Each structure stands twice: as structure tokens, then as C-alpha cells.
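Colleague: Below are the sequence and a predicted model for it; my questions follow.
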Amino acid sequence: MHPLLVPGAWLLEGEYFPSGKPVEHVTGVTEVHASEQFPETLTVEGEVRDSEDPASRPVRSAYHLDVLARDRVRFRMDSLPLGTVLVGDGFFDDVTMLVRYASPDRRLIGVESYVATGRDEMRATGVLLADGTAVTSWVARLERVQGS
């Protein structure tokens, strides 16, 4: 099973590259919770903030992953800031997970990858496109919180 599909918490450290703006160094946490009724449905909640500005407001996100098969997931995100729903799918093995998603009108398209680099570490990368132009991209290191 891919590490992100196992309930627990991850510390995050990385960079966001918003188009036309300076690089943002971020830190945060990502938590994965399984549904009690449907353990194959996972909620992934994250919170990041600018690591160079202690007064910065955190940016929160949440999405759902449904494990459909031993190598496939479905993605769904209800995004208040984007004012839309993003839906998609992905594929995984024990080391790598790749997820792709889009808004219903296909104006927003994104792809993310999560690669296990150690027993309790992952590297996450992604890009979000609006009307075919990159709005932001990111690269981050995630480390599992021990005991989670």
C-alpha cells in the first residue's frame, strides 16, 4: 500500500512556485483519516503557511481519495477558494502515486505525484493549470509523524 493511503500525519516542508510571484517556502502538516463507515474512503487534510512569515495565515485544503482497487484511486476536492469541484483519478503502487484531476469545465487541471523516498518519507510534486497556463507548482518533503 502506498504510504499516503495509510491513516496518519505528515510534517511538510517545501516550496510553492506561484506564477509571476516569488517562491514561497512553506511548512505544514497533512493528515490522512479513514472513514469509519467506509475505510476505503480517505480524507486528506492539509495546512501550510509561509515559513518565513510567522504572522502568515495558514492555507487549508482537503480532498478525498477512494481506493477503488489495489492500484487505483478516485480523487475529489470541494474547493472553496476555487469555487469548484475537482474530480479525477490516480494510480499507485507501494512507492509512487500519481493523481490527476480537473474541474467539470476543464478550465482547471492538476496533477500531483507522491514518491516514497524512505520508510517514513515522501516527496510530493504538483502543478495546477488554469486555461492551460501554470498557476502554481510545488515540491515538498513529507515526513511521517511518529506514532500516527
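Modeller: Ah, there it is. Numbers count the residues shown, from 1 in each chain.
Colleague: Taking the centroid of this structure, which residue is nearest it?
Modeller: Nearest to the geometric centre of the chain sits E112, at 6.9 Å (Cα atoms, centre = their mean).
Colleague: nearest spatial neighbour of V145, skipping sequence neighbours?
Modeller: A9 (4.1 Å; Cβ to Cβ, 6 or more residues apart in numbering). C-beta here means a position set from N, CA and C on the backbone, and glycine is covered the same way.
Colleague: Tell me, how many residues neighbour that neighbour?
Modeller: Around A9 there are 17 other residues, counting by other Cβ atoms under 10 Å.
Colleague: From the geometric centre of this structure, which residue sits farthest away?
Modeller: A55 (23.6 Å).
Colleague: Stretch 13-33 - what's its average pLDDT?
Modeller: Taken as a whole, stretch 13-33 carries a mean pLDDT of 96.
Colleague: Return the distance of that stretch from the chain's centre.
Modeller: What separates the centre of stretch 13-33 from the centre of its chain is 11 Å, taken as Cα atoms, centre = their mean, to the nearest Å.
Colleague: and what of stretch 19-35?
Modeller: 8 Å.
Colleague: Show me the contact partners of that stretch.
Modeller: 4-18, 40-52, 58, 133-136, 140, 142, 145 (Cβ atoms under 8 Å, 6 or more residues apart in numbering).
Colleague: Flag every buried residue along that stretch.
Modeller: Of all the residues in stretch 19-35, those buried under the rule 16 or more other Cβ atoms under 10 Å are 24, 26-28, 30-32.
Colleague: Pick out the most distant pair among the residues you listed.
Modeller: Pairwise distances across these (Cβ to Cβ) peak at 23.6 Å, for the pair E24 and V32.
Colleague: Would you map the strands across this structure?
Modeller: For the chain, the strands defined by DSSP state E cover 8-16, 24-34, 41-50, 59-69, 72-79, 84-92, 96-102, 108-118, 121-130, 133-144.
Colleague: Give the residue spans of the chain that score low on pLDDT.
Modeller: Applying pLDDT under 70 to the chain flags residues 79-84, 148.
Colleague: Using CSV, write out the CA atom coordinates for stretch 137-148.
Modeller: This file holds the C-alpha atoms of stretch 137-148, laid out as CSV (Å, rounded to 0.1, in the frame of the first residue of the first chain):
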residue,chain,number,x,y,z
SER,A,137,3.6,24.3,-8.9
TRP,A,138,5.2,22.8,-5.8
VAL,A,139,7.7,20.4,-4.5
ALA,A,140,7.7,19.3,-0.8
ARG,A,141,9.2,16.7,1.5
LEU,A,142,6.8,14.9,3.8
GLU,A,143,7.9,13.1,7.0
ARG,A,144,5.5,10.8,8.9
VAL,A,145,4.8,11.9,12.5
GLN,A,146,5.9,9.0,14.6
GLY,A,147,3.1,7.3,16.5
SER,A,148,0.5,8.4,13.9
